[in-house]
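# Next come a sequence and a model predicted from it.
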Amino acid sequence: MRQSMTGFASGQGEALGLTWTWDLRSVNARGLDIRVRVPDWVDGLEQALRGLITKRLSRGNVTVSLRLHSNGTEAVQELNEAQLDRVLTAMLRIEAEAMARGLSLTASSAADLITVRGVMDAPIQQSDPAEVLAVLVADFGPVLDSFIESRHSEGAALVDVLNGQVNQIAELVSQADAVADARKDEQASRMRAAMARVLDAQDNLDEQRIAQELALIAVKADVTEEIDRLRTHVDAARDLLTSEGAVGRKLDFLMQEFNREANTLCSKAQSAPLTAVGLELKTVIEQMREQVQNVE
């Protein structure tokens, strides 16, 4: 089933005198970028979560957050003096650097410092870290399942949009083919008229050279290859959208090929109707390229 790189899931749990809340979300990225925010005292938790996610995902910017509290102590917070010292030291360095550069900073208040992450800590019941690790890893499994399901749901909707855009491209390619075929007689007539004017105006012209130039002009105006390649790309896109595994990078490359052929088609158009079709084709291709960025 096709996955989007956009997803979200949350979960709650309670055990060993602790309560916790999971937050798991992702957006698109070129590769797989995992950011984990968990309490430091649960040794091995970050590595375990990274391992579980890596087995299930190929791409996306994934953020995992865990808020962990002792039962009944969520509202009671204590000053983390070590963190406060680090924050104050950093503030002094920042203020000194700002003054050296002639900048004036707004004074900070105690209320500002309290909001800095880690300055005020909720006390945690120091349960056995190994036992807590096992419980949390087991509880994370269903949250990850829900997260994957949300990416599947987003992916299904995304595939519907992409299939519609592929169909639009296919229809526009057919229109371009029909317009290009209809202009052949008009092109031939213009070329014959141009040739007659040249022959009437000049003596001793090399007719073979003229024929070669006319043949070259005809080749430059022929869009048959571009239309054929666009149809091949349409077939490739449909195959990728129904195939298994991560295909986002392949689709992204294919969109570049689509755009290249559409640009060449427009440059060769030499007629307002074909140019109009080519520009509409480029618009749909760009819209599809934007959607492809979310495909895993």
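Received the coordinates, thanks. Because the structure is a prediction, the values reported are computed rather than measured.
# Show me where the stretch 101-250 of the chain has its helices.
For the stretch 101-250 of the chain, helices defined by DSSP state H, counting those that start in this stretch occupy the ranges 110-114, 129-182, 184-201, 207-221, 224-242, 248-268.
# Tabulate these (a markdown table), appending mean neighbour count.
To be clear about C-beta, it is placed using only N, CA and C from the backbone, and glycine gets the same treatment. Formatted as a markdown table, the helices of the stretch 101-250 of the chain follow (neighbours: other Cβ atoms under 10 Å):
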| stretch | mean neighbour count |
| --- | --- |
| helix 110-114 | 11 |
| helix 129-182 | 17 |
| helix 184-201 | 11 |
| helix 207-221 | 12 |
| helix 224-242 | 16 |
| helix 248-268 | 18 |
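# Now tell me which of those helices the model trusts least on average.
Mean pLDDT across the helices of the stretch 101-250 of the chain is lowest at helix 207-221; the value there is a mean of 56.
# In CSV: the helices of the stretch 101-250 of the chain, plus distance to Q3.
Below are the helices of the stretch 101-250 of the chain laid out as CSV (distance: least, Cβ to Cβ, whole Å):
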stretch, distance to Q3
helix 110-114, 41
helix 129-182, 4
helix 184-201, 46
helix 207-221, 44
helix 224-242, 12
helix 248-268, 9
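# Of those helices, give the one that comes closest to L24.
helix 129-182 (4.7 Å; Cβ to Cβ).
# Check which helices and strands that closest one sits against.
strand 7-15, strand 18-27, helix 45-56, helix 224-242, helix 272-292 (3 or more Cβ pairs under 8 Å, 6 or more residues apart in numbering; DSSP states H and E).
# And those: which comes nearest D181?
The closest of the helices and strands packed on helix 129-182 to D181 is helix 224-242. By Cβ to Cβ, the value is 9.5 Å.
# outside of the closest one, which residues touch it?
Residues from elsewhere that reach helix 224-242 (Cβ atoms under 8 Å, 6 or more residues apart in numbering): 2, 159, 162-163, 166, 169-170, 173, 176-177, 180, 247, 250-251, 254, 257-258, 261-262, 264-265, 268, 281.
# okay, the angle between that helix and helix 272-292?
20 degrees (axes from the mean of the first three to the mean of the last three Cα atoms, to 10 degrees).
# just how off-centre is helix 224-242 within its chain?
Taking Cα atoms, centre = their mean, to the nearest Å, one finds helix 224-242 lying 22 Å from the centre of the chain it belongs to.
# now do stretch 128-148
28 Å.
# Numbering from 45 from now on, please.
Sure, I'll start counting at 45 from here, so that last one is stretch 172-192.
# Pretty sure F52 sits against L68.
Yes: counting by Cβ atoms under 8 Å, F52 does reach L68; the two are 7.0 Å apart.
# Looking at these two, which is more packed in?
L68 (23 against 14; other Cβ atoms under 10 Å).
# Beta-bridge partners for the more buried one, please?
Applying DSSP bridges to L68 gives these bridge partners: A53, V108.
# That one contacts V108, correct?
Yes: in this structure L68 lies within contact range of V108 using Cβ under 8 Å: 5.3 Å.
# So for F52 and L68, which residues contact both of them?
With contacts taken as Cβ under 8 Å, 6+ apart, the residues that reach both F52 and L68 are F191.
# for the stretch 45-194 of the chain, what are the low-confidence residue spans?
45, 116-122, 164-171 (pLDDT under 70).
# at 90 what do you get?
With pLDDT under 90 as the threshold, the stretch 45-194 of the chain has low-confidence stretches at 45-47, 60-61, 74, 83-85, 112-173.
# What residues sit buried inside stretch 141-161?
Residues of stretch 141-161 classed as buried: L157, V160 (neighbour count, 16 or more other Cβ atoms under 10 Å).
# Please list the outside residues in contact with it.
Stretch 141-161 is contacted from outside by Q127, L128, V131, L132, M135, I138, E139, V163, M164, using Cβ under 8 Å, 6+ apart.
# can you do 10 Å?
Stretch 141-161 has contacts (Cβ atoms under 10 Å, 6 or more residues apart in numbering) with 81, 121, 123-124, 127-128, 130-132, 134-135, 138-139, 163-164.
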